[in-house]
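[1] no sequence on this one, just coordinates:
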């Protein structure tokens, strides 16, 4: 539109110069025509000397947090750039897999990608442009540079060049743990379930690590009555966790490929909260899962960092070798205080094939932060 207006003004100037036989108007029309051609040449010159490059190709961000993506601009020409525009597209790799597009070398092209633009100017040399993107869902978000467009000083013409640069962003859920009470069968004719592990991390049957003041949420069965009687304050026993204590968790991911981003996001959120909650009760969690082709994987998780490594494997669909090749699933079940737990895509939590809880994707955050669950 701006170009058409400029041409229209130039034609009017030429017409008025001819009608009134005015030399100044004729000179003005000539200058406008020369400037029009110079703007075209300038846009090509600036495009040839301006380049853009992503500073990092891998980022990590928590869900709903803003990520600042930095792009380095380099102008090797003599003239500053008054206006440029960088077009980027971003989306989740799961969208590509569900849409049947190609996915290779860590890159994906998704039909549901969204476009982002960076507009700015730069002088000679190097400068930095920034783009802020929020991770809406848990998973691998891919951000690609598509095009760099450079304008002349009058913004009449622009020169564009395709850009090749990709940033993979791992979007992890916030580290929130489910508040769990783990119970296990005890010896005796009654066969009742006895609470074995307190939600503060101690284990009945282990060595007492220390005595500390009672805190809200502590179980009354760990109160040290002698110390309480001597001091007049409630004191509880804190136990050492058994070094070989491990809970087995099986992830039933059937239907993952067909699920939407919101469903997969809720599943990843619950996996993280469940594993972190179990780690407060036991030394490690042995997580296993399989895909539709029957491939099996196991990963032993003993910390929050390893929990993120587990999520990254689930995001990418990678299947690492079992963490303990000599240890079978049945051996793990025998020494697991919680038996075998299973979490499926419908957010159902099972213990030994018995449904314990059914979580809601819409109310998941409230369910994680509030309430206590007995397994």
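    Right, received. Where do you want to start? Quick caveat, the model's predicted, so the values are computed rather than measured.
[2] check which helices and strands the helix or strand hosting residue 45 sits against.
    For residue 45, the element it lies in under DSSP states H and E is helix 23-49. Secondary-structure packing of helix 23-49 (3 or more Cβ pairs under 8 Å, 6 or more residues apart in numbering; DSSP states H and E): helix 2-20, strand 139-151, strand 158-172. (Each C-beta comes from the backbone N, C-alpha and C, glycine too.)
[3] distance between it and the chain's centre?
    The chain centre lies 48 Å from the centre of helix 23-49; the measure is Cα atoms, centre = their mean, to the nearest Å.
[4] what of stretch 354-371?
    21 Å.
[5] next: stretch 225-238.
    That offset, for stretch 225-238, works out to 45 Å (Cα atoms, centre = their mean).
[6] ditto for stretch 45-60
    Centre-to-centre, stretch 45-60 and its host chain are 23 Å apart (Cα atoms, centre = their mean).
[7] next, the buried residues of it.
    45-47, 49-50, 52, 54, 59 (16 or more other Cβ atoms under 10 Å).
[8] quick one: these as TSV, columns for distance to residue 280 and pLDDT too.
    As requested, these are exported to TSV (distance: Cβ to Cβ, whole Å; pLDDT from 0 to 100):
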residue	distance to residue 280	pLDDT
45	63	95
46	58	95
47	57	94
49	57	94
50	53	95
52	46	94
54	39	93
59	29	91
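[9] low pLDDT regions in the chain?
    Along the chain, segments meeting pLDDT under 70 span 93-112, 183-209, 216-221, 239-245, 291-294, 318-339.
[10] mind redoing it with 50?
    Scanning the chain with the threshold set as pLDDT under 50 gives 95-111, 185-205, 242-244, 321-335, 337.
[11] tell me the bridge partners for residue 166.
    In this entry, residue 166 is beta-bridged to residue 144, by DSSP bridges.
[12] would you map the helices across this protein?
    2-20, 23-49, 93-99, 225-231, 261-279, 304-316, 329-334, 364-369 (DSSP state H).
[13] of all these, which lies closest to residue 117?
    Nearest to residue 117 among these is helix 23-49 (16.9 Å), distances taken as Cβ to Cβ.
[14] count the neighbours of the spatially closest residue to residue 315 that is not a sequence neighbour for me.
    Excluding the flanking residues, the one nearest residue 315 by Cβ to Cβ, 6 or more residues apart in numbering is residue 140, at 4.8 Å. When neighbours are counted by other Cβ atoms under 10 Å, residue 140 registers 18.
[15] residue 140 bridge partners, please.
    Here residue 140 sits in beta bridges with residue 170, going by DSSP bridges.
[16] so it makes contact with residue 168?
    Yes. Assessed by Cβ atoms under 8 Å, residue 140 is found in contact with residue 168 at 5.9 Å.
[17] residue 374: which of the helices and strands packed on helix 23-49 is closest?
    Among those, the nearest to residue 374 by Cβ to Cβ is strand 158-172 (27.3 Å).
[18] what angle sits between that closest one and helix 261-279?
    Put simply, strand 158-172 runs at 40 degrees to helix 261-279, going by axes from the mean of the first three to the mean of the last three Cα atoms, to 10 degrees.
[19] mind listing what's buried along strand 158-172?
    Neighbour-count burial for strand 158-172 flags 158-159, 163, 165-172 (criterion: 16+ other Cβ under 10 Å).
[20] where do the strands of the stretch 101-250 of the chain begin and end?
    103-104, 107-108, 114-122, 125-134, 139-151, 158-172, 180-185, 193-197, 208-213, 235-239, 246-252 (DSSP state E, counting those that start in this stretch).
[21] now those as TSV including distance to residue 265?
    Below are those laid out as TSV (distance: least, Cβ to Cβ, whole Å):
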stretch	distance to residue 265
strand 103-104	19
strand 107-108	17
strand 114-122	16
strand 125-134	13
strand 139-151	7
strand 158-172	9
strand 180-185	22
strand 193-197	29
strand 208-213	38
strand 235-239	36
strand 246-252	15
